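Q: Predicted model and sequence below, questions to follow.
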Amino acid sequence: IGKAGNPDIMDGVHVVIGPSTDVIAGEGKILTAGAIDTHVHFLSEIEMMEALATGTTTVAGGGTGPTEGSKATTVTPGAWSLRMMHRALDHIPLNVLLLGKGSTVSHEAMRQEALAGAGGFKVHEDWGAT
């Protein structure tokens, strides 16, 4: 990452420690600034709590709980499911990006998913992509 310190009194500083910086004692720990998991099957709230406990700050993927579709791929099917998943995850302090199901030729279906909160669309071979 670079050398941390005060550039007023040290040479070669890349990460400035100043009045808005808090220092954490890192002895015996593995510290990360916050991991991003971009392949999440949203099967259970327990997974989100585990993500928080391990330093993950952002999750991206899809699903609607322990359904066969959610186990198979990381997409959230349809506008209603996207709205319900956003409501279900709203109390968890994670950045969440839900992927809508993009394997359609219907512009209206994708528009509805986007308006319901899809952060992107996944085209997956399990759902008709070739």
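A: Ah, there it is. As the structure is a computational prediction, the values presented were derived from the model and not from experiment.
Q: middle-most residue in the chain, spatially?
A: The residue lying closest to the centre of the chain (C-alpha atoms, centre = their mean) is Val59, at 1.5 Å.
Q: is it fair to say that residue lies in a strand?
A: Yes: judged by DSSP: H, G, I helix; E, B strand; the rest coil, Val59 forms part of a strand.
Q: you'd agree it is up against Val96?
A: Yes: contact criterion C-beta atoms under 8 Å: Val59 and Val96 qualify, at 5.7 Å. C-beta: built from backbone N, CA, C; applies to glycine.
Q: Any chance of the backbone angles for the closest residue to Ala4 other than its chain neighbours?
A: Distances taken as C-beta to C-beta, 6 or more residues apart in numbering place Val15 nearest to Ala4, at 4.1 Å, with adjacent residues excluded. When read as degrees, to the nearest 10, the backbone of Val15 gives phi -120, psi 110.
Q: Am I right that Leu82 sits in a helix?
A: Yes: assigned with three-state DSSP, Leu82 falls within a helix.
Q: Counting neighbours, what do you get for it?
A: Counted with other C-beta atoms under 10 Å, residues neighbouring Leu82 total 25.
Q: Report the separation between it and Phe42.
A: Note on Leu82: its distance to Phe42, by C-beta to C-beta, to the nearest Å, is 11 Å.
Q: Confirm Leu99 sits in a strand?
A: Yes: Leu99: assigned to a strand according to three-state DSSP.
Q: confidence score at it?
A: Looking at Leu99, its pLDDT reads 95.
Q: ok, now Gly28?
A: pLDDT for Gly28: 89.
Q: Is it part of a helix or strand, or is it coil?
A: Quick answer, by three-state DSSP: Gly28 is coil.
Q: Could you do Ala114 as well?
A: Per three-state DSSP, Ala114 ends up helix.
Q: Val23 too?
A: Note that with three-state DSSP, the state of Val23 is coil.
Q: where exactly do the strands run in this structure?
A: With strands called from DSSP state E, the chain shows them at 4-5, 15-16, 35-41, 56-62, 95-101, 120-122.
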